[in-house]
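Q: here you go, sequence then predicted model.
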Number of protein chains: 2
Amino acid sequence: MSDLDGILLFPHINMDGDALGSCSALCLALRSLGKKAYVMINEPVPKNLDFLECGCCTTDDSVLEDVQLSLMLDCNGIKRIPGREAAWERGRLKGCIDHHATASKDIRYDFTRIEPKSAATGEIIYRLIKDLGAEITLDIANCLFAAITTDTGNFQHTNTTSRSHEIAGHLYKVEGFNSKVISALIYDRRSKEALRLESAVLGDLDFYADGKLAVGKVTQDLLSQYGCTMDEAEGIIQRIMSIDGVEAGCLFKESSQDNVRASLRGRTYANMERVASRFGGGGHVLASGCTFHTTVAEAEKQLVPCLIEAVNV
Amino acid sequence: MSDLDGILLFPHINMDGDALGSCSALCLALRSLGKKAYVMINEPVPKNLDFLECGCCTTDDSVLEDVQLSLMLDCNGIKRIPGREAAWERGRLKGCIDHHATASKDIRYDFTRIEPKSAATGEIIYRLIKDLGAEITLDIANCLFAAITTDTGNFQHTNTTSRSHEIAGHLYKVEGFNSKVISALIYDRRSKEALRLESAVLGDLDFYADGKLAVGKVTQDLLSQYGCTMDEAEGIIQRIMSIDGVEAGCLFKESSQDNVRASLRGRTYANMERVASRFGGGGHVLASGCTFHTTVAEAEKQLVPCLIEAVNV
């Protein structure tokens, strides 16, 4: 990468802390080395991740005259960057840096760096930035901490490793670094309305398989009732997973009458990646998702039996 | 400590993950070195911390014939171990290991190890166990991880340091260690009733000082209504702190008509330790508490003006 200039970085659709944090961290590092680099997006940055933008994001790939490298981060496969295919194609070389195990075959990459043992793509980017010889500035440290802490569930999930902590430990040594500031930006800017929406969803869960499966729904009706947008439903699935005895959790998010996203979480053994893949989705074993082009009721009818099967193995 | 035998370890009243985790970790390490050691308690272990008991706890100090050392952990001062004064006095030597800055003068200790820069007493205990030459077994790693992760707010609070992560990183290297298992035991065993109680409390918050101060109440009435006990209110204060713009949060917990505990949290600058100390309480700058021997209404009348002052500095 050190001999390339004009680099477009691509986070996956429905960008999360790891996707955007990794892209911005690498973008800032590349710029510090004198290169032209941008993070190519075509959706709004979620409010709680706005501080990760760092002046890196663009929705217009023409900011770069010559794109020597298109680089996909925290994802793998052209379907993960919908609406940005033309920008992607501009890269004379194409690469992929990811920690998801499921490799897509729909793109021919010139190079890939796929490390499923990394808890976050941010961990791979940390080492890449060090290898490139760039300095870990405070902005870069913030981006990488956000990437790692969100993808590890604040260092609690099974994917967390000794190395996740080692890298975090190094970030604390960056002058001015304060995890609480980052953490508060990510997690502690919820509106009162969002809290009320969450209370309503959690008060109306359906339980199956002796309480091992809990299913919630965020419908457009609920959103209007509480004056919320869908991104304010963030975090509800984690709350579902905090209930005693729940092995698998599912949250249906109705974007429209025929577009329903199901977020799936497993606690210890329920393989959510397998369930999601049956409906064209993917992710990790204990955290996956899939999309239905049906009503919520129909999506529920299709998905719930598979989830019951997954908790009853 | 290596030449002493017959050791009673004292966690503070209203034991938390750091107090009990530190005590049990040290107790197990001392036992592995062939010493007699117990954790002396006189209240039930909270349900979400039951796995930290590890066969170490006793409510009867007569299990030890000779007490060569009484050691207070994660606290400082005789008032922090009410009802256990007689057991404490049995120690021929008395010591204190703590990370709270406020040192009490009501006990003459033979030795103290007070390190306010440690995020958790568990961090001090980790190093002590290494110094003693004991092995960090899986049980000890679990206790120490619980201690550190609870006291650092899962590695998010300002008290977290590079060393917190370094120690956590070492714990991951212990055979069989899985942070998710520990995390699920601590955080993910909430009853449906507790979630409903939380929704009710969060739906009825009072806001002051342009939303910078949020105040909630868990009364005996609410507890009966939802069929909950007070320990199920755990975590509500953190939820209050997740609201956009809230700089200080207060949760009143009514144990009885004339015993009300106020949990206080600050986000960035509001000094909660100072407020708590005005009412005979204490803790850390951003996480403190104090007790009122009045009604909730009266406690509120006394405390809220001081909290408003603290957020309006």
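A: Perfect, thanks for sending it. Because the structure is predicted, anything quoted here is derived from the model rather than measured.

Q: from now on I want contacts and neighbour counts done on CA atoms only, so please keep to that.
A: OK.

Q: next, the buried residues of stretch A:265-273.
A: Judged by neighbour count using 16 or more other Cα atoms under 10 Å in any protein chain shown, the buried positions of stretch A:265-273 are A:Arg265, A:Gly266, A:Arg267, A:Thr268, A:Ala270, A:Asn271, A:Met272, A:Glu273.

Q: tell me the contacts of A:Cys27?
A: Going by Cα atoms under 8 Å, 6 or more residues apart in numbering or on different chains, A:Cys27 touches A:Leu9, A:Ala37, A:Tyr38, A:Val39, A:Cys56.

Q: neighbours of A:Val313, how many?
A: Per other Cα atoms under 10 Å in any protein chain shown, the neighbour tally for A:Val313 reads 8.

Q: hang on, the earlier thing: filter the buried residues of stretch A:265-273 down to just the ones in helices.
A: Counting by DSSP state H, the part of these found in helices is A:Met272, A:Glu273.

Q: which of the buried residues of stretch A:265-273 has the weakest pLDDT?
A: Ranked by pLDDT, these bottom out at A:Thr268, which has 84.

Q: from the contact counts, what lies against the helix or strand where A:Thr149 lies?
A: Taking DSSP states H and E as the criterion, A:Thr149 maps to helix A:138-151. If contacts are counted by 3 or more Cα pairs under 8 Å, 6 or more residues apart in numbering or on different chains; DSSP states H and E, helix A:138-151 sits against helix A:17-32, helix A:121-132, helix A:162-171, helix A:179-187.

Q: what sits up against it?
A: Helix A:138-151 is contacted from outside by A:17-22, A:24-26, A:28-29, A:52, A:54, A:119-123, A:125-126, A:154-155, A:164, A:168, A:171, A:174-177, A:179, A:182-183, A:186, using Cα under 8 Å, 6+ apart.

Q: just the buried residues of these.
A: Judged by 16+ other Cα under 10 Å, buried ones among those: A:17-22, A:24-26, A:28-29, A:52, A:119-123, A:125-126, A:154-155, A:164, A:168, A:171, A:174, A:177, A:179, A:182-183, A:186.

Q: how about residues contacting the one helix or strand in chain A whose mean pLDDT sits lowest?
A: One helix or strand of chain A scores below all others by mean pLDDT, DSSP states H and E: strand A:282-284, with a mean of 84. Strand A:282-284 is contacted by residues A:His100, A:Ala101, A:Thr102, A:Met272, A:Glu273, A:Arg274, A:Ala276, A:Ser288, A:Gly289, A:Cys290 when judged by Cα under 8 Å, 6+ apart.

Q: after that strand, which helix or strand is next? Please name it.
A: strand A:287-292.

Q: please enumerate residues in contact with that following strand?
A: For strand A:287-292, contacts defined as Cα under 8 Å, 6+ apart pick out A:258-266, A:272-273, A:276-277, A:279-283, A:299.

Q: and these, which of them are in strands?
A: Secondary structure from DSSP state E places A:Asn259, A:Val260, A:Arg261, A:Ala262, A:Ser263, A:Leu264, A:Arg265, A:Gly266, A:Gly282, A:Gly283 of the contacts of strand A:287-292 in strands.

Q: could you identify the most distant pair in the residues you listed?
A: For the ones in strands among the contacts of strand A:287-292, the farthest-apart pair by Cα to Cα is A:Asn259 and A:Gly266; their separation is 23.0 Å.

Q: residue of the stretch 1-150 of chain A nearest chain B, please.
A: Per Cα to the nearest Cα, A:Thr149 is where the stretch 1-150 of chain A lies closest to chain B, at 8.7 Å.

Q: quick one: name the residues of chain A near chain B.
A: With Cα under 8 Å from any Cα of the partner chain as the criterion, chain A comes near chain B at residues A:154-158, A:160-166, A:168-173, A:178-180, A:183-184, A:187-192, A:195-196, A:199, A:202-203, A:241-245.

Q: please list only the buried members of those residues.
A: A:154-158, A:160-166, A:168-172, A:178-180, A:183-184, A:187-190, A:192, A:195-196, A:199, A:202, A:241-245.

Q: excluding sequence neighbours, find me the nearest residue to A:Arg90.
A: Sequence neighbours aside, A:Val67 is the residue nearest to A:Arg90 in space, at 6.0 Å (criterion: Cα to Cα, 6 or more residues apart in numbering or on different chains).

Q: sec struct for that neighbour, please.
A: coil (DSSP: H, G, I helix; E, B strand; the rest coil).

Q: what comes up buried for the helix or strand containing A:Trp88?
A: Here A:Trp88 sits within helix A:85-89, counting by DSSP H and E. By 16+ other Cα under 10 Å, the buried positions in helix A:85-89 come out as A:Ala87, A:Trp88.

Q: same question for stretch A:246-257.
A: Neighbour counts over stretch A:246-257 (16+ other Cα under 10 Å) mark A:Val246, A:Glu247, A:Ala248, A:Gly249, A:Cys250, A:Leu251, A:Phe252, A:Lys253, A:Glu254 as buried.

Q: quick one: residues in contact with that stretch.
A: Here stretch A:246-257 makes contact (Cα under 8 Å, 6+ apart) with A:211-220, A:230, A:236-237, A:240-241, A:260-270, A:294-296, A:307, A:311.
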